[in-house]
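Quick check, what structure comes out for this input:
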Amino acid sequence: MAKRKIVWSVEAKNDLFEILNFYNERNGSPAYSIKLNNRINKSLQLISKYPDIGTESDYPSVRVVITGDYQIVYEIFDQLILVIMLWDCRRNPENKKIRNRLK
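Residues are numbered from 1 along each chain as shown. Have a look, this model is predicted:
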């Protein structure tokens, strides 16, 4: 199966930056942030190759993969995967709004 290109939405990039920055500041070291970023990237490589591995959402082309404490929410297109958001599963689910982040 051909790999699809991974594209990050602005919101997803901000989510990643905030998560990694939080751990950098809290731990006083980038070590954990590097490990977490690598874990997320490995999951994205797998999604790129097998986009249907994620759990279906309420939207037909949007799926979710859990990696550690985080959900990677992504939309499948013919040639690419759009990362819509990274969601910390420990947060209040009532604040999770995928609809507002789609087009």
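
where does the spatially most central residue of the chain fall, phi/psi-wise?
Residue closest to the average C-alpha location in the chain (CA atoms, centre = their mean): Ile72, at 2.8 Å. Note on Ile72: its backbone torsions stand at phi -100, psi 110 [degrees, to the nearest 10].

One more: Gln71?
Torsion angles, degrees, to the nearest 10, at Gln71: phi -100, psi 130.

need the contact list for Ser9.
82-85, 101 (CB atoms under 8 Å, 6 or more residues apart in numbering). For glycine as for every other residue, the C-beta is placed from the backbone atoms N, C-alpha and C.

Among these, which are located in strands?
Applying DSSP state E to these, the entries found in strands are 82-85.

what pLDDT does the closest residue to Ser48 other than its chain neighbours get?
Nearest non-adjacent residue to Ser48, counting by CB to CB, 6 or more residues apart in numbering: Lys3, 4.6 Å away. On the pLDDT scale, Lys3 is placed at 89.

when you give positions from now on, start the count at 16
Yes, from this point I'll number from 16; that puts the last item at Lys18.

what kind of secondary structure is Lys18 in?
Following DSSP: H, G, I helix; E, B strand; the rest coil, we place Lys18 in the coil state.

Now do the helix or strand where Asn56 lies, average pLDDT.
Assigned by DSSP states H and E, Asn56 falls within helix 46-64. Averaging pLDDT along helix 46-64 yields 96.

That helix: how far from the chain's middle?
9 Å (CA atoms, centre = their mean, to the nearest Å).

Report the buried residues of that helix.
Neighbour-count burial for helix 46-64 flags 48, 51, 55, 58-59, 62-63 (criterion: 16 or more other CB atoms under 10 Å).

What pairs with the helix or strand just after that helix, parallel or antiparallel?
Using DSSP H and E, the helix or strand that follows helix 46-64 in sequence is strand 70-71. Sheet pairing here is set by DSSP bridges, and for strand 70-71 it gives strand 77-82 (antiparallel).
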